[in-house]
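[1] this is the structure alone, sequence omitted:
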């Protein structure tokens, strides 16, 4: 019984640790730069949502932009780039890029944000 | 109320009520469809407002885009948000898999659905599906109202129909009453002279020797024919509702007596009688009814027989059969031969009431009757019990 509880605890801790690792990777590779340069990543995601709606399409469009960033490929309007610099070409492998995009989408996931408020008496 | 009058009234009422019912059913179904559509329209309008409210709320939430976004829930509505791939983003209920996104409104499992597509896609939402239960109470009330109306109208038209029917059958009733009155008067006037003739004939035959035997025989036949007609008319006048004294009747004996009674007529026409009468056939029947049944069939067989024709009479424990070698009846006439005042052949006298009386008797005693006839060859009547 003690063994089972210990095994479960270790599994839970490793899962939590892994999640934190994912978030920290996203923080390190993506969000940090956005914060440092005051580039509003939330606004960018909202624009993606408003234009493409489905996660699958957003994923593909983000990947396309990250691979070859340009004003035309960007979801943001051209005026945006007069204030903020355009992103450099991403070096990581596509696999890693996809992973970060998934984390990014997960970070802003609408499904997780939406909730049913408790009824007022 | 006379039987034929009652029958006509029932027929009239059936046609009248049926046509009224069809007309009202049609009207009620149109009214029901219209009102139901109206009820659903009101609910569709509510759904539309709710869809618009959710769209507005989504726009505000999209602008806020906070850590937590409270979904705008409002009872009794249930809603779901879907993206462009129709993947569920959020839902307050289990969305049916067979929702038709090409239709704005649809009805499934007693619920009304609105599919609202929005643009731009605030929070990535392309479709808002709003569901609300159909106002079954309103529809049930509507059904009850229609049912109540139909019952009320049915009752009203039944009463109206009854009085209309009575008006409709009034000329028939008057005619029947007139005919009955005529029969009553005629039969009353016929009874005494017929009885006098028959009694005096018997007296002449018994007490005096008469040279005009043949003429006497003819008078006897004519008087007996008149007597039978009198009996039949009396039977019709009483509408067969007189008291019946059901008793065990020796039909074999009675049949022999009646054949003897008609012997003069048989002899005059030179008819060859072949009778096969089983002894002591007993039947539970009123004596007068048995007489009427036998007399009418024998009388017809004699009347419509050829000169020197054959007459076969058969009586067993199960049936009474009489077959003549007479003029026969056409096949198309056989269908209506039992109708009152129906005379398949007008070459002979009579009122056409004989077979109708036979038919009434057969029905009264739950017997079976069959008639087989070949034109110019003869007729065979079988009564089974």
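    It's in. Since the structure is predicted, the reported quantities are computational estimates derived from the model, not experimental observations.

[2] when you work out contacts or count neighbours from here on, use the C-alpha atoms and nothing else.
    Will do.

[3] in the stretch 101-250 of chain B, what residue comes closest to chain A?
    Using CA to the nearest CA, the single residue of the stretch 101-250 of chain B nearest to chain A is residue B:124, 3.9 Å away.

[4] confidence score at that residue?
    Note on residue B:124: pLDDT of 93.

[5] pretty sure it contacts residue B:85?
    No. With contact defined as CA atoms under 8 Å, residue B:124 does not reach residue B:85; the gap is 10.6 Å.

[6] joint contacts of these two?
    By CA atoms under 8 Å, 6 or more residues apart in numbering or on different chains, residue B:124 and residue B:85 have these common neighbours: residue A:54.

[7] stretch B:197-212: which residues count as buried?
    By neighbour count with 16 or more other CA atoms under 10 Å in any protein chain shown, stretch B:197-212 contains the buried residues B:198, B:201.

[8] which residues are in contact with it?
    Contacts of stretch B:197-212 with the rest of the structure, by CA under 8 Å, 6+ apart, involve B:216, B:220, B:223, B:224.

[9] secondary structure element for the residue positioned nearest the centre of chain A, which one?
    Centre of chain A computed as the mean C-alpha position; nearest residue by CA atoms, centre = their mean is residue A:104, 0.6 Å away. Secondary structure assignment for residue A:104, by DSSP states H and E: helix A:94-107.

[10] how far is that helix from where the chain is centred?
    The chain centre lies 6 Å from the centre of helix A:94-107; the measure is CA atoms, centre = their mean, to the nearest Å.

[11] try stretch B:262-280
    Stretch B:262-280 has its average C-alpha position 42 Å from the chain's average C-alpha position, going by CA atoms, centre = their mean.

[12] just checking, what packs against the host helix or strand of residue B:214?
    Per DSSP H and E: residue B:214 is located in helix B:213-237. In terms of contact count using 3 or more CA pairs under 8 Å, 6 or more residues apart in numbering or on different chains; DSSP states H and E, helix B:213-237 is assigned the packing partners helix B:136-207, helix B:263-268, helix B:354-364.

[13] can you get me a residue count around the residue of chain A found nearest chain B?
    Distance from chain B to each residue of chain A (CA to the nearest CA) is smallest for residue A:53, at 3.9 Å. Using other CA atoms under 10 Å in any protein chain shown as the criterion, residue A:53 is surrounded by 25 other residues.

[14] what do you get for residue A:72?
    Applying other CA under 10 Å, we find 10 other residues in the vicinity of residue A:72.

[15] quick check: which element contains the nearest residue to it once chain neighbours are set aside?
    Nearest non-adjacent residue to residue A:72, counting by CA to CA, 6 or more residues apart in numbering or on different chains: residue A:78, 7.9 Å away. Per DSSP H and E: residue A:78 is located in neither a helix nor a strand.

[16] give me the phi and psi angles of residue A:78.
    With angles defined as degrees, to the nearest 10, residue A:78 sits at phi -60, psi -30.

[17] wait, it sits on residue A:71?
    Yes. With contact defined as CA under 8 Å, residue A:78 reaches residue A:71; the gap is 6.1 Å.

[18] looking at the two, which is more packed in?
    Applying other CA under 10 Å to residue A:78 and residue A:71 shows that residue A:71 carries more neighbours, namely 15 against 12.

[19] any chance of JSON lines for the helices and strands packed on helix B:213-237, columns distance to residue B:318?
    As requested, the helices and strands packed on helix B:213-237 are exported to JSON lines (distance: least, CA to CA, whole Å):
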{"stretch": "helix B:136-207", "distance to residue B:318": "35"}
{"stretch": "helix B:263-268", "distance to residue B:318": "25"}
{"stretch": "helix B:354-364", "distance to residue B:318": "14"}
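
[20] and chain A, which residues reach chain B?
    A:46, A:49-54, A:110-117 (CA under 8 Å from any CA of the partner chain).

[21] mind running it again at 10 Å?
    Proximity of chain A to chain B (CA under 10 Å from any CA of the partner chain) is limited to residues A:42-43, A:45-57, A:108-119.

[22] which ones among these map onto strands?
    Taking DSSP state E as the definition of strands, the residues of chain A next to chain B contribute A:114, A:115.

[23] give me the buried subset of the residues of chain A next to chain B.
    A:45-55, A:57, A:108-110, A:113-115.

[24] beyond the helix or strand bottoming out on mean pLDDT in chain A, next helix or strand please.
    Per-element confidence for chain A was summarised using mean pLDDT, DSSP states H and E. The lowest value among helices and strands belongs to helix A:2-26, with a mean of 48. Next helix or strand after helix A:2-26 toward the C-terminus (DSSP H and E): helix A:32-36.

[25] OK, contacts around the nearest residue to residue B:35 once chain neighbours are set aside?
    Using CA to CA, 6+ apart and skipping residues adjacent in sequence, the residue nearest residue B:35 is residue B:142, 7.8 Å away. By CA atoms under 10 Å, 6 or more residues apart in numbering or on different chains, the contact list for residue B:142 reads B:31, B:32, B:35, B:36, B:39, B:136, B:148.

[26] widest-spaced pair of these?
    By the measure CA to CA, those have their two most distant members at B:39 and B:148, which lie 19.6 Å apart.

[27] more neighbours, those two?
    The residue with the greater number of neighbours, taking residue B:39 and residue B:148 and applying other CA under 10 Å, is residue B:39; the counts read 18 against 12.

[28] distance of that one from chain A?
    Separation of residue B:39 from chain A (CA to the nearest CA, to the nearest Å): 29 Å.

[29] run the chain-centre distance for the helix or strand hosting that residue.
    Taking DSSP H and E as the criterion, the element that holds residue B:39 is helix B:3-64. Here the centre of mass of C-alpha atoms in helix B:3-64, compared against the chain's by CA atoms, centre = their mean, lies 34 Å away.

[30] quick revisit: in CSV, list the helices and strands packed on helix B:213-237 along with mean pLDDT.
    What follows is the helices and strands packed on helix B:213-237, written out as CSV (pLDDT from 0 to 100):
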stretch, mean pLDDT
helix B:136-207, 86
helix B:263-268, 85
helix B:354-364, 86
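
[31] tell me which of those helices lies nearest to residue B:321.
    Proximity of those to residue B:321 was assessed by CA to CA; the nearest stretch is helix B:354-364, lying at 13.3 Å.

[32] I'd like to check the angle between the closest one and helix B:213-237, please.
    50 degrees (axes from the mean of the first three to the mean of the last three CA atoms, to 10 degrees).

[33] out of the residues of chain A next to chain B, which sit inside helices?
    When DSSP state H defines the helices, the subset of the residues of chain A next to chain B inside them is A:42-43, A:45-52, A:55-57, A:110-113.
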